[in-house]
Structures are given as structure tokens and as C-alpha cells.
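[1] the following block contains a protein sequence and its predicted model.
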Amino acid sequence: MMFAAGFAQDQKRGRVGRVNLAGERTGDVTDLQTQYEHDKSVWDACAQAYESAIVLGHPDVTAYEHFEEDLLDRILVYLIRDSGRCVHLHDVACGSGRLHLRYGLKSLDPSSRDPESVACRLQTMHANFQYSPSIAPGLKRVSGIDFSGEMLALARRKLKGAGLADLLDARLFFEQGSAFDLAPFPDEPLPVVVTLCNSIGVMQGLEGACKLFQAMRRSVEAAGGVAIISGYCNEAARDFALGNYESVLDACGQPDWLEPATFASRDYQQRPHAYKRAYDGGDTLVVGVYDNNNAPVKPGHVLRRMPERVAETIATGHIRTYYEYESHWYSSEQFRAWISEWWDEKASWHIAGSDLDALRAAPAQLAIYDPADRLRPFFKRLGIVKGVRELGEYAGQSGALWQY
Ligand SMILES: C[S@@+](CC[C@H](N)C(=O)[O-])C[C@H]1O[C@@H](n2cnc3c(N)ncnc32)[C@H](O)[C@@H]1O
């Protein structure tokens, strides 16, 4: 099995790196529990900014999220309407409750509410939130787990603001806890357990990712449910990750491949003038600098890419910022290795995002554990073959995209 050099090294060391305000990569943490506690405080600190800059922000990220949601809609329709099953959707690392909001509204029969209520108005205004008669009758509950209390508080506020307070703790559930401790779900309703939007990439490095693969399998195995991990690919780091993280530096912190670090601390806000979209090879980023009272400090501040740091980030898919935020874009080979080690190749689907949606999911890959083979007819419609393959064995575009 071949891995990118950075992975082999990181995996051996079982640790991740940091960057200090002098711009040095330092402070490796080797222990999963210590890393977990550290990451929890990082996510608590960035919850609100993450929501506005990322979940509701960067157009390439929202495109990926919309792809995930459309795919999930179709899988739910297939399982509920076409296969006659009732479903329990469980969102691991649910963050601010993106799926709770979507499926809370999609399951809400508007005839049971005042048409002027907030929930009904949202259903009318947004096609994504419209009542779905193909999903609603069979979607029995939506639950989620996240280690960040701030994220969960934000999620609950969001649902209340959307007029769904009465569904909270009745059909929509949140739990604060670890993604690694999932217990087996009963077989009725059928569990569909998901980890979306590259949450695997922020789950405490390689050791955390292995634990996630194990936990996802454990949660659906006995029930014959479906587990879905959706993440970014290392292979797409150059064309997608650089511009993406540069554009959201007010939420995640200044990427460590940009200099100077004059305003890289939490004493300042650096707001980019515009989002950098995928395939933007520009070496500079122009930001407005503000203090924490929103007073302008420096307009038109220019940040420049450092070629060596950029090259290392592209090679390893390891994103580091001055806010101690870290993310990993794992290679397709790494996903494949985890499927082989922790799941079962014959019971799994490993799909390049571009094979499903080249415009919105090109930087993504999906690992799906499906021990009861429930999704075979569904993926057959889309021309997707079960199992994992060597790179280059794909007939479609994914081989090319995964190799970049
Ligand atoms: C990229 S956000 C994704 C949020 C959500 N899944 C979405 O798609 O909108 C990642 C989330 O993972 C959570 N997280 C990271 N490591 C975790 C762990 N070990 N257990 C539980 N949650 C974790 C963070 O708190 C954060 O909310």
C-alpha cells in the first residue's frame, strides 16, 4: 500500500503539528485525549465564526454541503419510499445542526401549522426546506453528537429560531460527547449514521480518524444500517484547500503558509475582500484588518503565499493556522487503507465525489459502510460499483481527479 510521504510519517509518529505566532511549526501533541481536549476548546472558540464564514459562507464549501444534502435526500427517499423502511438519521460531529434544520423542516407537515409561522415561511421561501412527503413519514428521528457545547448551543438556538422548538428533544436530539464512543443502534428504525463536511479531517488526526471508522461500523453493523463518511481529498488540496482556507481566515485563523503574521492573533480580525474560488492560483490575499471593536486598523493589507509551506501543505493535506485550528485532507489511498483495515472492502463503497457530482463534489470522497447491501440498487442507478479499487482502475473521471 502506498501513502503520501507526509502520511506515513504522521501515522508513525501519531501526532499533529501546530504553528506559533512566530510562524514556526511547533508543539506536537502525541496523546489522543490531550488532543481531544485541545480541539474541543478550539471548536468552542470558533463556533459562531465557523457558522457564518463556513456553513453559510464560502461558495465552494456550500456547494459541497449542498451536494451532501442532495445525496442524503436521495438515499433517504430510496430507503424510506422505495424500500419501505423507517429511518433514524444520526449525525456524528453534527456541529451547528445543519441536518437537524433541514430534516426538521422537511418532515414538518405544513398543514399542521399556521401558514404564517416561521417554519412554514422557511419551507415556502427555501426549496431545500420544503416538506418532503417521500421522507417525512419514515424519518422517525434525527439525532446528533458533537463534543463542542458551543456548537450544540448554537444548533439549538438555530432550531428554535426556525420555529422548531417543539420538535427539540421530541424528534430532533442533540448529545454532547465523543464521535468515538458510538453504541450499536437497534435495527428499527434503520440507522443511517453520517459524518459530513470533512469532520473526519478535524477529528484529532490519524488516531482519531481510525477511531471514527471503527465507531461508525460498530454503530450500524448489528442493525444492517448504513454509515457514511464524507471528506475532502488530499489530491484536491492545491486547487481547493488553499483558496478555501485563505478566504475564511477570520474564522479558522491565518493559514500558516501566508505571511506576514503581523495581525495573525485573536486581537485582530482579518477580513478578505472576496472569496478565492477553486483553482485560483493567486499568490496574494488582500484583507481589511479590524480590531475586536470592529474599528479599522489597516485597509488593503496584503498576505503572500510562502512557496515551501504551500508545497508542504499540498503534499500532506495538513492545514495549520495561527488559531491552532487544524484540518487534514486525507488521500484516497488513506481512505482506502482505513476501509480495508476497519471495515470490509466487500461491504463498502469508496466513491470519488466527482463520480457523483463533478461540479460540487470534485474535492470530496465518500466511504460508505453498507453491510446489508442496501444501497446496491441505488448506486446501480448512478453507475457506481461497490468495493474499493486501485487508482486508475476507475473508468470515469475520478481516476484522473484522484491523481490530479
Ligand atoms: C467541520 S465541522 C462539521 C459540522 C457538521 N457536520 C456540518 O457538516 O455542518 C466539524 C465538527 O466536528 C466536531 N468534532 C471534532 N472532533 C470531534 C470528536 N472527536 N467528537 C465529536 N465531535 C467532534 C467539532 O466540534 C465540529 O462541530
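    Yep, it's here.

[2] contact partners of the host helix or strand of Gly231?
    Element membership for Gly231 (DSSP states H and E) is strand 226-232. If you take CB atoms under 8 Å, 6 or more residues apart in numbering as the criterion, strand 226-232 is touched by 68, 72, 75, 79, 190-201, 212-213, 216-217, 219-220, 240-241, 317, 329-330, 335, 363-370, 374-375. To be clear about C-beta, it is placed using only N, CA and C from the backbone, and glycine gets the same treatment.

[3] and for stretch 280-298?
    Outside stretch 280-298, the residues that touch it by CB under 8 Å, 6+ apart are 243, 246-247, 249, 258, 263, 266-273, 276, 299-305.

[4] give me the phi and psi for the single nearest residue of the chain relative to the ligand.
    In the chain, the residue that lies nearest the ligand is Gly95 (2.6 Å; CB to the nearest ligand atom). Main-chain dihedrals, Gly95, degrees, to the nearest 10: phi 60, psi -130.

[5] who touches it in this structure?
    Residues in contact with Gly95 (CB under 8 Å, 6+ apart) are Tyr50, Val55, Asp146, Ser148, Met151, Ala155, Cys197, Ser199.

[6] one more: Ala372?
    Ala372 is in contact with Gly224, Gly225, counting by CB under 8 Å, 6+ apart.

[7] up against the ligand, what does the chain have?
    Within reach of the ligand by CB under 6 Å from any ligand atom, the chain has these residues: 36, 39, 43, 55, 93-95, 98, 146-148, 151, 178-180, 196-199, 202-204, 208.

[8] toward the C-terminus, what is the element adjacent to the longest strand anywhere in the chain?
    Longest strand in the chain, counting residues (DSSP state E): strand 296-305. Later in the chain than strand 296-305, the nearest helix or strand by DSSP H and E is helix 307-316.

[9] Phe335 and Val194: what is the separation?
    Phe335 sits 15 Å away from Val194, taking CB to CB, to the nearest Å as the criterion.

[10] pLDDT score assigned to the residue of the chain closest to the ligand?
    If you check Gly95, the pLDDT there is 96.

[11] same thing with Leu391?
    In this model, Leu391 is scored at 48, pLDDT.

[12] cool, and Gly225?
    Reported pLDDT for Gly225: 98.

[13] so it makes contact with Val192?
    Yes. Applying CB atoms under 8 Å, one finds Gly225 in contact with Val192, separated by 6.1 Å.

[14] which one of the two has more residues nearby?
    Applying other CB atoms under 10 Å to Gly225 and Val192 shows that Gly225 carries more neighbours, namely 28 against 25.

[15] check contacts around the more buried one.
    Gly225 neighbours (CB under 8 Å, 6+ apart): Phe185, Asp187, Leu190, Pro191, Val192, Val193, Ser219, Ala372.

[16] which one is the first one nearest to, not counting chain neighbours?
    In this case it means Phe185. Distance criterion CB to CB, 6 or more residues apart in numbering; nearest residue to Phe185, sequence neighbours excluded, is Pro191 at 3.7 Å.

[17] same check, this time on the third one
    Computed as CB to CB, 6+ apart, the closest residue to Leu190 that is not its neighbour in sequence is Arg85, at 4.7 Å.

[18] pretty sure that neighbour contacts Val77?
    No. Using CB under 8 Å, Arg85 is not in contact with Val77, being 11.2 Å away.

[19] just the CA atoms of the helix or strand Leu159 falls within, as PDB, please.
    Using DSSP H and E, the element containing Leu159 is helix 149-161. Extracted as PDB, the C-alpha positions of helix 149-161 are listed here (Å, rounded to 0.1, in the frame of the first residue of the first chain):
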ATOM      1  CA  GLY A 149     -21.000  22.600  23.800                       C
ATOM      2  CA  GLU A 150     -20.900  25.900  22.000                       C
ATOM      3  CA  MET A 151     -21.700  24.300  18.700                       C
ATOM      4  CA  LEU A 152     -24.700  22.500  20.200                       C
ATOM      5  CA  ALA A 153     -25.900  25.600  21.900                       C
ATOM      6  CA  LEU A 154     -25.800  27.300  18.500                       C
ATOM      7  CA  ALA A 155     -27.600  24.400  16.900                       C
ATOM      8  CA  ARG A 156     -30.400  24.600  19.500                       C
ATOM      9  CA  ARG A 157     -30.800  28.400  19.100                       C
ATOM     10  CA  LYS A 158     -30.900  27.900  15.300                       C
ATOM     11  CA  LEU A 159     -33.700  25.400  15.500                       C
ATOM     12  CA  LYS A 160     -35.700  27.500  18.000                       C
ATOM     13  CA  GLY A 161     -35.300  30.500  15.700                       C
END
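
[20] could you list the residues in contact with whatever helix or strand comes next after it?
    Using DSSP H and E, the helix or strand that follows helix 149-161 in sequence is strand 172-176. Defining contact as CB under 8 Å, 6+ apart, one finds that strand 172-176 is touched by 94, 97, 100, 104, 141-149, 152, 155-156, 159, 164.

[21] what pairs with the helix or strand just after strand 172-176, parallel or antiparallel?
    Following strand 172-176 in sequence order, the next helix or strand is strand 190-195 (DSSP H and E). With DSSP bridges as the test, strand 190-195 is paired with strand 87-92 (parallel), strand 226-232 (parallel).

[22] picking that back up, can you pull the pLDDT of the residue nearest to Phe185?
    Per-residue confidence (pLDDT) for Pro191: 98.

[23] ok, now which ones touch the residue nearest to Glu69 when sequence neighbours are not counted?
    Leaving aside its sequence neighbours, Glu69 sits nearest to Arg102 (CB to CB, 6+ apart; 6.1 Å). Taking CB under 8 Å, 6+ apart as the criterion, Arg102 is in contact with Glu69, Asn128, Phe129.

[24] I'm done for today, thanks for sticking with me.
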